[in-house]
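>>> 3D, please:
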Amino acid sequence: MKYESEVTQFLTQLKDERPHLEREQQKGRSLLWDKQLDRTLQEGFKKAKVPQKPYVYQSK
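Next up, the predicted model:
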C-alpha cells in the first residue's frame with residue numbers, strides 16, 4: 001500500500017464526486033491563458049510604451 005497525503009485523497013475524492021470538474025477547469029484556462037498572440041500587435045504595444053518617471057506622484 002502506497003502513501004497518499006490527505007490533500008491527494010481529497011483531490012481524488014473531489015474528482016470522483018465531480019467528474020466534470022477537470023473539463024471545466026480546462027475550459028476556464030482556455031479562456032484566460034491558452035491564447036495565440038499577434039506578434040506584430042505585441043511589437044506595437046512595446047514601441048508605444050511610455051517610460052515611467054522615477055517618482056510618479058511628483059507633478060513636474
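>>> can we go C-alpha only for contacts and neighbour counts from here?
Noted.
>>> List the contacts of the helix or strand where T12 lies.
For T12, the element it lies in under DSSP states H and E is helix 6-17. Applying C-alpha atoms under 8 Å, 6 or more residues apart in numbering, the external contacts of helix 6-17 come out as L21, E22.
>>> What's the mean pLDDT across it?
Computed over helix 6-17, the mean pLDDT rounds to 96.
>>> Spell out for me which residue occupies the centre of the protein.
Nearest to the mean C-alpha position of the chain, by C-alpha atoms, centre = their mean, lies W33 at 5.4 Å.
>>> For the helix holding T12, C-alpha coordinates in CSV please.
Output of helix 6-17 as CSV, limited to C-alpha atoms (Å, rounded to 0.1, in the frame of the first residue of the first chain):
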residue,chain,number,x,y,z
GLU,A,6,-4.7,14.0,2.8
VAL,A,7,-4.6,16.5,0.0
THR,A,8,-4.2,13.8,-2.6
GLN,A,9,-7.0,11.9,-1.1
PHE,A,10,-9.2,15.0,-1.0
LEU,A,11,-8.5,15.7,-4.7
THR,A,12,-9.1,12.2,-5.7
GLN,A,13,-12.4,12.1,-3.9
LEU,A,14,-13.4,15.5,-5.3
LYS,A,15,-12.7,14.3,-8.9
ASP,A,16,-14.7,11.1,-8.3
GLU,A,17,-17.7,13.1,-7.0
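>>> Beyond that helix, next helix or strand please.
helix 21-32.
>>> Can you point out the buried residues in that next one?
Neighbour counts over helix 21-32 (16 or more other C-alpha atoms under 10 Å) mark no residue as buried.
>>> which helices and strands does that helix pack with?
Helices and strands touching helix 21-32, by 3 or more C-alpha pairs under 8 Å, 6 or more residues apart in numbering; DSSP states H and E: there are none.
>>> Many thanks, I have nothing further to ask.
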